Structures are given as C-alpha cells and as structure tokens.
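J.: Here is my input; please provide its structure:
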Amino acid sequence: MSDISTAWLKPYLEGKEREKMRLLYFTDTHLRGNTPQSRLDNLPETLKSKLEEVVKLAADLKVDYILHGGDFFDSPSPSLAVSGDLLECFRQFSCPVYAISGNHDLFGGNIHSLNRTLLGFLHRLGFIRLVLPGEKIYLKKHDTVLQLTGQPYHYEIDQRDPHLDYAVKKENADLALHMVHGMLLERPLPKEANFTLIDRIKDTEADITLCGHYHSGLGIIEKEGKIFANPGALVRLSNDKQEMTRRVGVILVKLEGEKPVCEFIPLISARPGNEVLTREEIEHRSDLRIKLANFIKEVRQNAEFERMNARRIIEEIARGEAIDKEAKEEALKRIAWVEEELRSKRVREIR
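T.: Below you'll find the predicted structure:
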C-alpha cells in the first residue's frame with residue numbers, strides 16, 4: 001500500500017495540534033483463508049490489502065488507539081496457516097488494539113467459549129486487548145480521560161432489555177466510548193431479525209456508541225448530542241444489492257474538547273461491488289427453486305401416491321417428462337434428508 005498517496009487525507013489531519021486523542025475504528029473483518037461463492041476475487045488477498053491500508057491510515061493519521069468491533073475471524077478456530085499473514089498486518093499497528101468478540105469469534109456464539117478460541121488466545125498473549133463485559137478501561141492523553149467499555153456478542157443481545165448491553169454510565173472520565181457487537185439501527189428492518197433501535201438507548205451516558213454485526217452499516221448518526229455509528233463490515237461476504245453498492249471504510253474518532261467528532265474514511269483498496277461480488281449464485285438458486293416448484297407440481301398432477309413411494313414417483317415422472325436434471329437431483333436429496341430424519345426419529349422412539 002506504500003504507493004497510495006496520502007494527500008487526500010489532509011482534511012482529516014487538520015487541527016491535529018489541538019486534538020487530544022484520535023482513535024481508528026473498524027469492524028467485522030471475518031479473517032479467513034478461502035473465498036466464498038459470492039466473491040469474484042481472491043478474498044484472503046483482498047483482506048490483506050485492506051488491512052495494510054488500515055495500518056497505513058493509522059500511521060498517517062497518527063492515531064493513538066485502534067478499535068475493533070468484533071467478528072475478528074470468520075470462525076473461532078481458524079488455521080494458523082491461513083490467518084498468519086493477516087495477523088501479521090495487525091502486528092504492524094504502532095499503537096494498542098482494543099476489541100470485543102463477535103458471534104463468529106465464539107463457538108456457538110457462546111461468550112463462555114472465548115478462552116478456547118484463537119481470539120481469546122491472542123488476548124492472553126497480549127497481541128490485542130479484549131474489552132470484557134462490565135469492564136471500564138481508562139485511556140489518557142494530556143488532560144483528556146476517555147472511558148472505554150464494550151459489550152461482546154451473546155445469545156440474548158438485541159432480545160433482552162437493550163440498556164443491559166447498549167447503555168453505560170460515565171464515571172471519572174471526560175468522555176465515554178462504548179463498543180457493542182449488536183444490531184443497532186435507526187429504523188426497523190423489513191425482514192425478521194433481532195435488532196435494537198437507537199431511540200431505545202439514546203439515554204446512554206456514552207458520548208460515542210460504536211457497533212458492528214450489521215454488515216451494511218449504520219453510518220454516523222447524532223442524536224441528542226450523542227454519536228451512534230457503524231461503518232459496516234470491512235469485508236463484503238454477502239452479495240445482496242445493498243452490499244453491491246456499499247462503500248467499505250473505517251471511522252476516525254477525534255476528541256476535541258468536550259465534543260467528539262466521528263468521520264467516515266472510505267478505503268481506496270476496496271474495489272466497487274460489481275468488480276468483486278457476483279449474484280450469479282443467487283440467481284441460479286432462484287431459478288432452481290422455480291424449477292423445483294414446477295417439478296413438484298408435475299408430481300402432484302401425474303403421480304398416484306397410493307401405489308408409489310416418493311422416489312419411484314420422481315424417477316417415473318423424470319423419465320416421462322422433460323424434467324431438469326438438477327431439479328430432479330435436488331428433489332431426491334430433499335427426500336433423502338426427510339427419510340433420514342424420520343429414521344432417526346423412529347430410532348429415538350424405540351430407545
């Protein structure tokens with residue numbers, strides 16, 4: 001990333017002399033060693049390029065601390081062979097890294113499994129510093145004291161009283177910053193999901209609440225003098241339409257007197273969505289569902305259920321009709337799965 005000009009960073013550097021503290025926040029890196037079907041590029045190489053740019057940004061912007069909002073890894077126990085190069089990028093930060101754990105960092109999303117995960121191991125080594133539930137960390141620079149707290153992912157997040165996870169008390173500090181790996185939104189999602197609305201926790205005493213988990217991001221929202229932000233995931237794993245157009249970036253937190261400032265900085269290394277994401281698999285599955293539905297319709301119209309079992313129905317109709325081979329195979333797979341479930345259920349009942 002050394003060939004990237006830093007001239008465009010000038011607006012973010014203005015006023016550095018009077019600022020008391022700077023922090024760089026990003027989230028949901030999902031470090032992994034393979035590339036999902038939704039990507040057209042080599043994802044590990046893309047991740048490495050992005051992390052190298054973040055390291056360079058941190059140096060150029062002269063930040064004092066790095067903050068990570070969870071889902072450091074895509075699985076709780078990735079192989080060292082595939083994560084080594086990516087972890088080397090984190091080692092190059094010249095300032096402390098504070099983080100919280102996300103659901104992908106934990107076995108079964110269980111916070112009690114943290115000590116058995118690679119993220120927990122890195123914390124014990126001092127590679128990164130995990131902020132644990134209920135813990136208050138005080139960061140100081142000159143005459144500014146920042147209270148840093150964090151709420152990692154757990155089973156009941158965005159389901160129980162949100163104040164238990166999102167609201168904090170500010171004590172013995174000039175400013176308070178709270179990180180949460182939860183689905184904080186400004187307005188409800190149209191689809192079913194667990195989430196928390198900003199209006200429900202705007203009475204928090206945290207001056208800044210930084211979230212992750214929701215890959216599409218929240219942006220930077222100010223309500224009643226408080227900042228709520230989520231830049232979105234550093235990696236785009238989904239190929240939905242929102243991810244195709246989303247800009248990938250980080251948030252620069254600048255503490256100036258009593259009023260903090262948050263600014264979104266897009267990553268130059270993050271290519272446009274249509275260059276790295278493909279919707280071919282989604283469209284293929286949609287087409288397959290249509291073919292499968294038509295196949296089932298043919299089964300219902302032509303088969304004599306009383307005299308044939310499901311497999312014979314499929315084989316007979318497939319021979320007699322111009323049925324798509326892939327639809328036929330999918331139907332057989334589903335029947336096999338049902339049969340296996342029924343067989344297992346009968347065995348359990350016998351026992």
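
J.: Could you break this structure into its assigned domains?
T.: Per automatic domain parsing, the domain ranges recorded for the chain read 7-276, 280-350.

J.: Could you tell me the least trusted of those domains?
T.: Among the domains of the chain, domain 280-350 carries the lowest mean pLDDT, a mean of 57.

J.: related to what we said a few turns ago, any chance of JSON lines for the domains of the chain, columns mean neighbour count?
T.: C-beta here means a position set from N, CA and C on the backbone, and glycine is covered the same way. JSON lines is the format used below for the domains of the chain (neighbours: other C-beta atoms under 10 Å):
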{"stretch": "domain 7-276", "mean neighbour count": "18"}
{"stretch": "domain 280-350", "mean neighbour count": "13"}
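
J.: Setting aside sequence neighbours, what's the nearest residue to Val131?
T.: Nearest residue to Val131, sequence neighbours excluded (C-beta to C-beta, 6 or more residues apart in numbering): Gly150, at 3.3 Å.

J.: what's the one you found in contact with, if anything?
T.: Neighbour list for Gly150: 98-100, 130-133, 135, 178-180 [criterion: C-beta atoms under 8 Å, 6 or more residues apart in numbering].

J.: out of those, who's nearest Leu234?
T.: Among those, Ala99 lies closest to Leu234 (C-beta to C-beta), at 12.8 Å.

J.: Quickly find the element holding Ser75.
T.: Using DSSP states H and E, Ser75 sits within no helix or strand.

J.: State the distance from it to Asn34.
T.: Distance, Ser75 to Asn34, using C-beta to C-beta, to the nearest Å: 11 Å.

J.: Same question for Leu130.
T.: For Leu130, the distance to Asn34 - C-beta to C-beta - is 26 Å.

J.: what ranges do the helices span in this protein?
T.: 10-13, 43-60, 80-91, 118-125, 163-166, 198-201, 241-245, 273-276, 280-302, 310-320, 325-350 (DSSP state H).

J.: Output the second one as CSV, nothing but the C-alphas.
T.: Meaning helix 43-60. What follows is helix 43-60, C-alpha atoms only, in CSV (Å, rounded to 0.1, in the frame of the first residue of the first chain):
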residue,chain,number,x,y,z
LEU,A,43,-10.7,-12.8,-0.7
PRO,A,44,-7.6,-13.5,1.6
GLU,A,45,-5.5,-11.3,-0.7
THR,A,46,-8.2,-8.6,-0.7
LEU,A,47,-8.4,-8.7,3.1
LYS,A,48,-4.7,-8.4,3.3
SER,A,49,-4.7,-5.3,1.1
LYS,A,50,-7.4,-3.7,3.1
LEU,A,51,-5.7,-4.3,6.4
GLU,A,52,-2.4,-3.0,5.0
GLU,A,53,-4.3,0.2,4.1
VAL,A,54,-5.8,0.5,7.5
VAL,A,55,-2.3,0.1,9.1
LYS,A,56,-1.1,2.9,6.8
LEU,A,57,-4.1,5.1,7.6
ALA,A,58,-3.4,4.6,11.4
ALA,A,59,0.2,5.8,10.9
ASP,A,60,-0.6,8.7,8.6
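
J.: Check what contacts it and list those residues.
T.: When contacts are defined by C-beta under 8 Å, 6+ apart, helix 43-60 is touched by residues 1-2, 4, 6, 9, 13, 24, 26, 29, 31-36, 39, 66, 82, 85-86, 89-90, 92-95, 234-235, 248, 250, 265, 267-271, 276.

J.: one more time with 7 Å
T.: For helix 43-60, contacts defined as C-beta atoms under 7 Å, 6 or more residues apart in numbering pick out 1, 4, 6, 9, 24, 26, 29, 31-33, 35-36, 66, 82, 85-86, 89, 92-95, 234-235, 250, 265, 267-270, 276.

J.: List the ones among the residues you listed that fall in strands.
T.: In this view, these that belong to strands under DSSP state E are 24, 26, 66, 250, 265.

J.: Mind putting those into TSV with distance to Met244?
T.: Shown next, in TSV, are the ones in strands among the contacts of helix 43-60 (distance: C-beta to C-beta, whole Å):
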residue	distance to Met244
Leu24	26
Phe26	20
Ile66	28
Val250	20
Ile265	21
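
J.: Of those residues, just say which sits nearest to Asp161.
T.: For those, the nearest to Asp161 is Phe26 (28.4 Å; C-beta to C-beta).

J.: Who is the residue lying closest to the closest one once chain neighbours are set aside paired with across the strands?
T.: Distance criterion C-beta to C-beta, 6+ apart; nearest residue to Phe26, sequence neighbours excluded, is Val250 at 4.3 Å. Judged by DSSP bridges, the bridge partners of Val250 are Ile265.

J.: contacting residues for Leu118?
T.: By C-beta under 7 Å, 6+ apart, Leu118 lies in contact with 73, 76-78.

J.: Spit out the contact partners of the closest residue to Phe90 other than its chain neighbours.
T.: Spatially, and ignoring its direct neighbours in sequence, Phe90 is nearest to Val97 (6.4 Å; C-beta to C-beta, 6+ apart). Shown in contact with Val97 (C-beta under 7 Å, 6+ apart): 66, 68, 90, 128-129.
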